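*Asks:* Test case, fold it:
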Amino acid sequence: MIFNLQEGRMLVEKSMHLQTQTEWEEEMAYKVLRLLHDELYVELRFMGAALSELTPAPDKRLTTAATDGRTFFFSTEQLLRVFCQNPAYLNRLYLHTVLHCIFSHLWISGKREPFLWGIACDIAVEYTIDTMDKSCTKRITGWVRQKTYEFLKKDGGVISAAKVYRFLLDRTQEELRELHQEFFADDHVFWPKEEEQAVRMESARKNWDKISRQTQMEQERRGNETEEGEELLSLQMKAGKGRRRYRDFLKKFAVLQEELHCDPDEFDLNFYTYGFSLYRNMPLIEPLESREIKKIREFVVVVDTSYSTSGRLVTNFLKETFALLSQENSFFRSCKLHVLQCDEAVRDDIVITDERQLEGLFEDFKIRGGGGTDFRPAFAYVDDLIDQGEFKNLCGLLYFTDGKGIYPARKPEYKTAFLFLEDYEEEHVPAWAIRMRLEEEEFLGPDAQGRMSGNDGAQGGHNN
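*Replies:* As a prediction, this is how the structure comes out:
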């Protein structure tokens, strides 16, 4: 054995340093977290990447754990205390926090009331863990949990956070407090706010989307080894992926175009203005006259106005769509939008060619339709417009619907997306169609706002 002198000095210095109580507790806490990770990994090997993604960090402000999608913040005191009394709870706590990230709960809240959304996410995660029924996270399912799960399973489908949220809207304040106390595990204090999501947390969200896909692939590799609870986990991940924010989804229809525009990144304004002062009418550097930018040029929005579609939802969907499109840098100077209303036939076509028309669109807006659902007439109508030269560069078509209809037999030449307001059967949607599951709350806003203003600090265990 060869002894390195430098390494020897470091060992001696380390042995001479006397740890403080805080340092010792933090060292033990990291060892506990390593143990939690290993125990979960033994039973959930397909989640290896997810279980290792969050970087642990102690936070004295917390009384439990929390995450922002990148870091696993924890209370050292709670971690060591609970580990001595009930280590299985810590396994659940760690897995609970990781599942929030895998299911995209941190980033898909939209306009929902934050307190209710937090409870909904906790219930969805705890239901998943209870259904998986792993020995390292096993616990007795109490009466409140049993009754809640039974009620949520009545209508069938995945018990997603969005579905639980709608269930919570009809609960009394006392019932909400009880549910919050029963399903509370980690703190949501570091979840990104609406205004932070687009910039600061975008990289974390994309990373967890990647991990979610990787976890699903690992599950599929196992084939027949997948257990019932693990299948539910896969469905929850798909639900989270399908429930991306509409704002992000709309970016798929942006296209690179060249527009006459001064590009401030391509020249120095000081030299440019100095030339005018020196030579009166000649800049030293001529700016580029154009730049490549992502904007929407020609676009079609079709709303399903069959008998089952809510007029309020249609109106709010259009308002939200146009609010996004009319934001800065969304339009070319020359743009064209067609808004079609269609049930089993095209009932109306509103053409918008500038932003000012958007402002007056809803002053006299009426829903036209009320028949059955057939998607084909809208596509035939758009194809006719293309043949007539109405569109020169159609970027895409969005079809907003809540019902099952008859799809076109062939793929259109333009990008097409169906936006569903209900769970849809994937096998009936053509392979060429982009599809997205929307939530009513994203367009109706936080219906419970105000009702929960008096929750008296029921948000949970943070002391910030």
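*Asks:* Can you mark which positions in stretch 46-55 are buried?
*Replies:* Buried residues in stretch 46-55, defined by neighbour count with 16 or more other C-beta atoms under 10 Å: Phe46, Met47, Gly48, Ala50, Leu51, Glu53, Leu54. Bear in mind the C-beta positions are built from the backbone N, C-alpha and C, glycine included.
*Asks:* Looking at the residues you listed, which one is closest to Asn207?
*Replies:* Checking the buried residues of stretch 46-55 against Asn207 with C-beta to C-beta, the nearest one is Glu53 at 7.4 Å.
*Asks:* quick one: Leu337 is in a strand?
*Replies:* Yes - according to DSSP: H, G, I helix; E, B strand; the rest coil, Leu337 belongs to a strand.
*Asks:* Looking at the buried residues of stretch 46-55, which are in helices?
*Replies:* Secondary structure defined by DSSP state H assigns Gly48, Ala50, Leu51 of the buried residues of stretch 46-55 to helices.
*Asks:* Correct me if wrong: the last one contacts Leu40.
*Replies:* Yes - Leu51 is within contact range of Leu40, at 5.6 Å (criterion: C-beta atoms under 8 Å).
*Asks:* shared neighbours of the two, anything?
*Replies:* Common contact partners of Leu51 and Leu40 (C-beta atoms under 8 Å, 6 or more residues apart in numbering): Tyr94, Leu95.
*Asks:* outside of stretch 82-94, which residues touch it?
*Replies:* Here stretch 82-94 has contacts from 32-33, 36-37, 39-40, 51, 64-65, 72, 79, 129, 136-139, 185-186, using C-beta under 8 Å, 6+ apart.
*Asks:* rerun at 10 Å
*Replies:* With C-beta atoms under 10 Å, 6 or more residues apart in numbering as the test, stretch 82-94 has contacts from 28-29, 31-33, 35-37, 39-40, 43, 51, 54, 56, 64-65, 72, 74-75, 78-79, 96, 125-126, 129-130, 134-139, 185-186.
*Asks:* With only the CA atoms kept, save that stretch in CSV.
*Replies:* Taking Å, rounded to 0.1, in the frame of the first residue of the first chain, the C-alpha atoms of stretch 82-94 are listed here in CSV:
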residue,chain,number,x,y,z
VAL,A,82,-38.8,10.6,12.7
PHE,A,83,-36.1,8.2,11.7
CYS,A,84,-35.8,7.0,15.3
GLN,A,85,-39.6,6.6,15.6
ASN,A,86,-41.0,5.7,12.2
PRO,A,87,-38.5,5.4,9.3
ALA,A,88,-41.1,4.1,6.9
TYR,A,89,-42.8,7.5,7.0
LEU,A,90,-39.6,9.1,5.7
ASN,A,91,-39.5,6.7,2.8
ARG,A,92,-43.0,7.9,1.9
LEU,A,93,-42.1,11.5,2.4
TYR,A,94,-39.1,11.2,0.0
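*Asks:* change the start of the numbering to 47 and stick with it
*Replies:* Understood, numbering begins at 47; the last thing we discussed is stretch 128-140.
*Asks:* which parts of that stretch are buried?
*Replies:* Quick answer for stretch 128-140 (16+ other C-beta under 10 Å): Val128, Phe129, Leu136, Asn137, Arg138, Leu139, Tyr140.
*Asks:* and the first one, how far is that from Ala75?
*Replies:* The spacing between Val128 and Ala75, counted by C-beta to C-beta, to the nearest Å, is 11 Å.
*Asks:* One more: the third one?
*Replies:* Taking C-beta to C-beta as the measure, Leu136 falls 10 Å from Ala75.
*Asks:* Need the residues touching each of the two.
*Replies:* Each of Phe120, Gln124, Leu125, Phe129 lies in contact with both Leu136 and Ala75 under the rule C-beta under 10 Å, 6+ apart.
*Asks:* start to end distance for stretch 365-383?
*Replies:* 14 Å (C-alpha to C-alpha, to the nearest Å).
*Asks:* go on, stretch 126-137?
*Replies:* Start-to-end span of stretch 126-137 (C-alpha to C-alpha) is 13 Å.
*Asks:* if we can go back for a sec, ok, of the buried residues of stretch 128-140, which one's closest to Ser155?
*Replies:* Lowest distance from Ser155 to these (C-beta to C-beta) belongs to Leu139, with 21.4 Å.
*Asks:* quick one: which of the ones in helices among the buried residues of stretch 92-101 is nearest Glu220?
*Replies:* Taking C-beta to C-beta as the measure, Ala96 is the one of those closest to Glu220, at 35.7 Å.
*Asks:* wait, that closest one sits on Thr113?
*Replies:* No - using C-beta atoms under 10 Å, Ala96 is not in contact with Thr113, being 12.0 Å away.
*Asks:* For the protein, which helix or strand comes out least confident on mean pLDDT?
*Replies:* Across the helices and strands of the chain, mean pLDDT, DSSP states H and E gives its lowest value to strand 301-306, namely a mean of 51.
*Asks:* all helices of the stretch 147-296 of the chain, in order?
*Replies:* Ranges of helices in the stretch 147-296 of the chain, per DSSP state H, counting those that start in this stretch, are 160-178, 189-199, 207-214, 219-229, 240-243, 248-268, 274-288, 292-296.
*Asks:* And the average pLDDT for the longest one is what?
*Replies:* Put plainly, it is helix 248-268. Average pLDDT, helix 248-268: 81.
*Asks:* Would you mark the buried spots in that helix?
*Replies:* Residues of helix 248-268 classed as buried: Ala250, Arg251, Trp254, Asp255, Ile257, Ser258, Thr261, Gln262, Glu264, Gln265 (neighbour count, 16+ other C-beta under 10 Å).
*Asks:* Might you report the residue contacts of the closest residue to the first one other than its chain neighbours?
*Replies:* Leaving out its chain neighbours, the residue that sits closest to Ala250 by C-beta to C-beta, 6 or more residues apart in numbering is Gly115, at 3.7 Å. If a contact means C-beta under 10 Å, 6+ apart, then Gly115 has 99-100, 146-147, 150-153, 236-238, 247, 249-251, 253-254 as its contacts.
*Asks:* now do Trp478
*Replies:* Taking C-beta under 10 Å, 6+ apart as the test, what Trp478 contacts is Tyr453, Pro454, Arg456, Lys457, Pro458, Lys461, Thr462.
*Asks:* so, if you compare the ones in helices among the buried residues of stretch 92-101, which one comes nearest to Gln434?
*Replies:* For these, the closest approach to Gln434 (C-beta to C-beta) belongs to Ala96, at 51.8 Å.
*Asks:* shared neighbours, Val128 and Ala75?
*Replies:* In contact with both Val128 and Ala75: Ser121, using C-beta under 10 Å, 6+ apart.
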